[in-house]
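In: kindly return the folded structure for what I paste below:
(one chain, ligands or ions: 1)
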Amino acid sequence: MQRKRVVVIAFLLTVTTGCFYRANPPVHKEAEPQVKDELLDVKQNTKPEATREIKPVAERDQPPTSVTVPTIPPIVSEPKVSKVTLGAIGDVLIHIEIYQDAKQKDGTYNFFKMFEDVQSYLRMPDILVANQETMIGGKELRLSGYPSFNSPQEVGDALKAAGVDLVTVANNHTLDRGEKVIQSALSYWDRLGIPYTGSFKSKEDQKYIRTMVKNNITFSFLSYAYGTNGIPHPKGKAYLVNRIDTVQIAQEVAQAKRVSDVVVVAMHWGTEYETLPNESQMALAQKLADYGVHIVIGNHPHVLQPPAWVSGSNGHKTLVLYSLGNFISAQGGVAKRVGGMATIDVIKTMGKEKTITLKQPSFLPTFTSYQNMTQFKVLPLKQAVPVQIRNGTIQFDPVKQHMRTYIHELRFIGTE
Ligand SMILES: [Zn+2]
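Out: A predicted model of the protein is given here:
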């Protein structure tokens, strides 16, 4: 009796788990629709292991011997597309007149109002990079203007509030006031949670490549300056400012490519007040394109130089923003008061392989407005034109034409 029960249970178990089917296919045939059975037969009898490997995941994951063969059609995976808009603004150059204008009765500084008219534009890109030309060492280390700058730390608060996500700090003014000011400035950026690149606290800090991830796209940021106005870095402390050294750049770009999808390099280069890139800039741009850099953000000439596409040796196109001019400064002359924000859409497509495409280069021209060295404000150029046009000093169309010198399809933000 006991033995009989065990046999019956064992029989029932084999039927319900499907083991029985494997040993006795005819039983299964009666239980399952014909079409499914044929599919199963084909799978079991003719598909070698290697062929099964290339099946879509949903089908592959089914145990080949199970009775529950999926009837859903195989999933065709679409390439995954992500998009991020990257923006960049030019030199933030804090002359004495600017921080005096920002000074409040209690001795603190407030720069917020200087950016409030362009803030809605600055917040449009997913990531915004600014070139902080003057170190924000803070008033405890004595503030100073041209030619040896140390700016209030409150500049950082205002830029952050306006939408800046990362600052490039390799400039010809980085070493102006020495290491103390640099360390104080970099610590302040840390406190604000704004990554900086191009000037570092230590060798270890320099080794760590700054990256940002948005919408599944990882960006890395590097920054270099042509020189430091003849000021040498303290012995053994070359990390205090990255110089344009193509051997170092090539190495760091290669490292950046390993940890990110998109490599962005800021270059402090060119000839001051020249409205077109010089030969050295163009040769460096070509090298950066050959290294596989995606976007080059140029600064230092204090005037706008038109952006260009530069083809790299591997066939890809690099967007080179030769010079974004001054974003804010107390420099005189219309050309030095016009700057702007460039943006580019970065599209990452994950199909069989990863591709990065740059689309829709755009530009918002801006103007630093002030009267008698007070009331400093960065305005969209279009907004500034009616005010200034009375003096016949600025015109919008020539700026537009100039910026379209190499990229005719360059789009203008907020004006078209
Ligand atoms: Zn400069």
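In: I'd say T85 and M124 touch.
Out: Yes. Between T85 and M124 there is a contact at 7.0 Å, judged by CB atoms under 8 Å. Yep, even glycine has a C-beta here, placed from its N, CA and C like the rest.
In: any idea which residue of the stretch 51-200 of the chain lies closest to the ion?
Out: N172 (4.4 Å; CB to the ion).
In: and that residue, helix, strand or coil?
Out: The three-state assignment at N172 reads coil, by DSSP: H, G, I helix; E, B strand; the rest coil.
In: give the contact list for it.
Out: 225-229, 268, 300 (CB atoms under 8 Å, 6 or more residues apart in numbering).
In: likewise N242?
Out: 170, 198-200, 206, 222-225, 248.
In: make it 6 Å
Out: Shown in contact with N242 (CB atoms under 6 Å, 6 or more residues apart in numbering): 170, 198, 224.
In: just those that are near the ion?
Out: The subset of the contacts of N242 lying close to the ion, counting by CB under 5 Å from the ion, is empty.
In: now G193: closest residue in space, sequence neighbours ignored.
Out: K160 (8.0 Å; CB to CB, 6 or more residues apart in numbering).
In: wait, that neighbour sits on R191?
Out: No. K160 is beyond contact range of R191, at 10.4 Å (criterion: CB atoms under 6 Å).
In: so which of the two has more stuff around it?
Out: K160 (16 against 11; other CB atoms under 10 Å).
In: how far does the host helix or strand of that one sit from the chain's center?
Out: Assigned by DSSP states H and E, K160 falls within helix 154-162. On the basis of CA atoms, centre = their mean, to the nearest Å, helix 154-162 sits 19 Å off its chain's mean C-alpha point.
In: now do stretch 409-416
Out: The answer for stretch 409-416 is 21 Å, by CA atoms, centre = their mean.
In: same check on stretch 328-338?
Out: Worked out by CA atoms, centre = their mean, stretch 328-338 lies 27 Å from the chain centre.
In: what does stretch 204-224 give?
Out: 8 Å.
In: which other residues reach that stretch?
Out: Contacts for stretch 204-224 (CB under 6 Å, 6+ apart): 82, 84, 126-127, 166, 168, 170, 195, 197-198, 200, 239, 242, 244, 252, 256, 259-267, 348.
In: can you pull the contacts of the one residue in the stretch 151-300 of the chain that gets nearest to the ion?
Out: Of all residues in the stretch 151-300 of the chain, H300 sits closest to the ion, at 3.9 Å by CB to the ion. Contacts for H300 (CB under 6 Å, 6+ apart) come out as 268-270.
In: near the ion, which of those show up?
Out: Okay, of the contacts of H300, nothing touches the ion (CB under 5 Å from the ion).
In: between those residues, which has the most around it?
Out: H268 (31 neighbours).
In: which strand residues bridge the closest residue to that residue other than its chain neighbours?
Out: Residue nearest to H268 in three dimensions, not counting chain neighbours: A225, with 3.9 Å by CB to CB, 6+ apart. With DSSP bridges applied, A225 shows beta-bridge pairing to R243, H268.
In: and if you look at V92?
Out: Q132, I328.
In: could you do L324 as well?
Out: L304.
In: check contacts around K103.
Out: K103 neighbours (CB under 6 Å, 6+ apart): Y109.
In: beta partners of it?
Out: Going by DSSP bridges, K103 forms beta bridges with Y109.
In: distance of it relative to S313?
Out: Distance, K103 to S313, by CB to CB, to the nearest Å: 51 Å.
In: and F221, by the same measure?
Out: 23 Å.
In: neighbour count for the two, which is higher?
Out: F221 (27 against 11).
In: mind checking the SS state of that one?
Out: Going by three-state DSSP: F221 is strand.
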